[in-house]
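[1] Sharing a sequence plus its predicted fold:
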Amino acid sequence: MTHQHNGLHHFNRVQAAYAAAIGERQADFSGIERAGETLTPIIDLWGLPEWAYNRGEVRGFDHVEQAAVAGAASLVGIVNPVGSNRIVVVDLCAVWAVAASNASVRSLTAAQAAIDMPNAGTALPLDTRWPVQTAQRTIQGSAAAPAGSLLDVIAWAANLYGYGDAVPYILKPGAALSVGHNTVNILIRAKFRWRDRAAFPGELD
């Protein structure tokens with residue numbers, strides 16, 4: 001079978017996802033013939049969460065917590081390590097604390113995050129076909145003056161979750177997102193949900 005018109009000749013991950021989604025197992029399967037006519041109207045490879053696996057995309061989640069620290073803001077966050085060659089898209093950032101207050105959401109580098117939040121969380125994939133990630137992405141710690149640029153302020157009532165507006169937030173390799181209590185010596189908890197995939201050619205140029 002010959003590719004023609006707008007066939008995706010070299011887009012191997014989409015070709016593989018398409019074959020997996022339709023159950024195609026023939027060795028001579030040559031892929032999608034016309035992207036506009038075959039791929040989009042008939043089958044949306046991004047439409048169902050279980051098809052993220054076919055594209056090599058990990059959907060991750062963690063509930064991360066930092067205890068109260070005297071004289072410092074408790075911080076939690078998510079980091080995309082230097083050299084990962086992956087794109088991390090944070091879809092959810094929800095914060096909880098025992099007292100009504102505000103939290104600052106900051107953009108910072110992985111190096112800054114390693115100083116303020118040196119402890120790893122316990123991130124898990126939301127698709128059990130993936131193994132538990134060995135390189136944990138959630139982080140926690142504390143700092144008297146948290147690093148990074150202010151993105152958002154989350155306000156919440158005691159014992160209720162507050163949700164950030166600075167999502168989706170996209171982390172390139174070496175970037176991090178932190179959430180810190182604006183009051184010192186108060187425990188903070190947060191939920192993060194994200195999508196994690198290999199970068200396509202040209203995305204990190």
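    On my side now, so go ahead.
[2] pLDDT below threshold where in this protein?
    1-14, 21-43, 132-136 (pLDDT under 70).
[3] which stretches of the protein form strands?
    58-66, 73-80, 86-96, 101-109, 119-120, 124-125, 138-143, 149-156, 162-163, 169-171, 175-181, 188-198 (DSSP state E).
[4] Among these, which comes closest to residue 48?
    Counting by C-beta to C-beta, residue 48 lies closest to strand 58-66 out of these; the figure is 11.8 Å. Just so you know, the C-beta spots here come from the backbone N, C-alpha and C atoms, and that holds for glycine as well.
[5] List the strands paired with that closest one, with their directions.
    Strand 58-66 has its sheet partners listed here by DSSP bridges as strand 124-125 (antiparallel), strand 188-198 (antiparallel).
[6] Who is residue 88 paired with across the strands?
    What pairs with residue 88, by the bridge criterion (DSSP bridges), is residue 171, residue 196.
[7] which ones are touching it?
    Applying C-beta atoms under 8 Å, 6 or more residues apart in numbering, we find residue 88 in contact with 78, 80, 137, 170, 171, 194, 195, 196.
[8] Go through these and say which is closest to residue 47.
    residue 195 (14.3 Å).
[9] from memory residue 194 sits against residue 79, does it?
    No: with contact defined as C-beta atoms under 8 Å, residue 194 does not reach residue 79; the gap is 10.8 Å.
[10] Please identify every residue contacting each of the two.
    Common neighbours of residue 194 and residue 79 (C-beta under 8 Å, 6+ apart) are residue 137.
[11] Tabulate the strands of the chain in TSV, adding columns for distance to residue 204.
    Shown next, in TSV, are these (distance: least, C-beta to C-beta, whole Å):
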stretch	distance to residue 204
strand 58-66	18
strand 73-80	11
strand 86-96	8
strand 101-109	15
strand 119-120	24
strand 124-125	23
strand 138-143	22
strand 149-156	21
strand 162-163	29
strand 169-171	12
strand 175-181	11
strand 188-198	10
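[12] closest to residue 49 out of those strands?
    strand 58-66 (6.7 Å).
[13] what about that closest one, distance to the chain center?
    In terms of C-alpha atoms, centre = their mean, to the nearest Å, the gap separating the centre of strand 58-66 from the centre of its chain is 9 Å.
[14] Tell me the buried residues in it?
    For strand 58-66, the neighbour count (16 or more other C-beta atoms under 10 Å) marks 58, 59, 60, 62, 63, 64, 66 as buried.
[15] can you put the contacts of residue 88 in a markdown table and add distance to residue 143?
    Output for the contacts of residue 88, formatted as a markdown table (distance: C-beta to C-beta, whole Å):
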| residue | distance to residue 143 |
| --- | --- |
| 78 | 16 |
| 80 | 20 |
| 137 | 19 |
| 170 | 24 |
| 171 | 20 |
| 194 | 23 |
| 195 | 28 |
| 196 | 26 |
